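[1] Build me a model:
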Amino acid sequence: MEPRPYKIPQSVLVVIHTPALDVLLIRRADASGFWQSVTGSKDHEGETFAQTAVREVAEETGIDCSPGTPLHAQLCDWGLENVYEIYPRWRSRYAPGVTHNTEHVFGLQVPPGTPVRLAPREHTACRWLPWREAADACFSPSNAEAILLLPQFQRCP
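    Prediction:
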């Protein structure tokens, strides 16, 4: 078995929400009680943040927002980046000496009732919450802060 390649310390955070600002949260399979928005690292250095966002949304929720789909126009690059220290429990996934990750923030507006299909190896449950409650439920401070910015970014420029 080949060793897994190290994760690239560049990722996306995608806040999926309805027009009424209900936010989708998903519970991590590897950390019970950790609720979050869609997140994920670039697969390779040449992958753009927008490509990473489209791929991660599809992988983690089954929602297709790829180019050519009706939802693609609703994927909004908020132009925000967070740099944070990688939790020690997950540092082994990165190259030795890597301690920080740069996270690029997107929003994705979906119609109410959009079906969600979780990847059970990654997430075990999902729920829609009003944006303030969703921010309170997140384990990640950067995720909570992004959700609190949702009213400012709900409409793509």
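
[2] switch to C-alpha atoms for all contacts and neighbour counts from now on
    OK.

[3] Which helix or strand contains P67?
    Counting by DSSP states H and E, no helix or strand carries P67.

[4] what about it, how many residues close to it?
    Number of residues near P67 (other Cα atoms under 10 Å) recorded here: 12.

[5] For it, what are phi and psi?
    phi -50, psi 140 (degrees, to the nearest 10).

[6] And the pLDDT at it?
    For P67, the pLDDT comes out at 97.

[7] any idea how far it lies from Q74?
    11 Å (Cα to Cα, to the nearest Å).

[8] With P115 instead?
    The value you get for P115 to Q74, if Cα to Cα is used, is 16 Å.

[9] who's more crowded, those two?
    Q74 (17 against 11).

[10] need the contact list for that one.
    65, 107-110, 156 (Cα atoms under 8 Å, 6 or more residues apart in numbering).

[11] tell me how far the ends of stretch 131-142 are from each other?
    14 Å.

[12] Give me the buried stretch members for it, please.
    Neighbour-count burial for stretch 131-142 flags 131, 134-138, 142 (criterion: 16 or more other Cα atoms under 10 Å).

[13] Quick one: distance of it to the chain centre.
    13 Å (Cα atoms, centre = their mean, to the nearest Å).

[14] for it, what is the average pLDDT?
    95.

[15] quick one on the thing from earlier: tell me which entries of the buried residues of stretch 131-142 lie within helices.
    In this view, the buried residues of stretch 131-142 that belong to helices under DSSP state H are 131, 134-137, 142.

[16] Closest one to R28 out of these, please.
    Ranked by distance to R28 (Cα to Cα), these are led by A137 at 12.8 Å.
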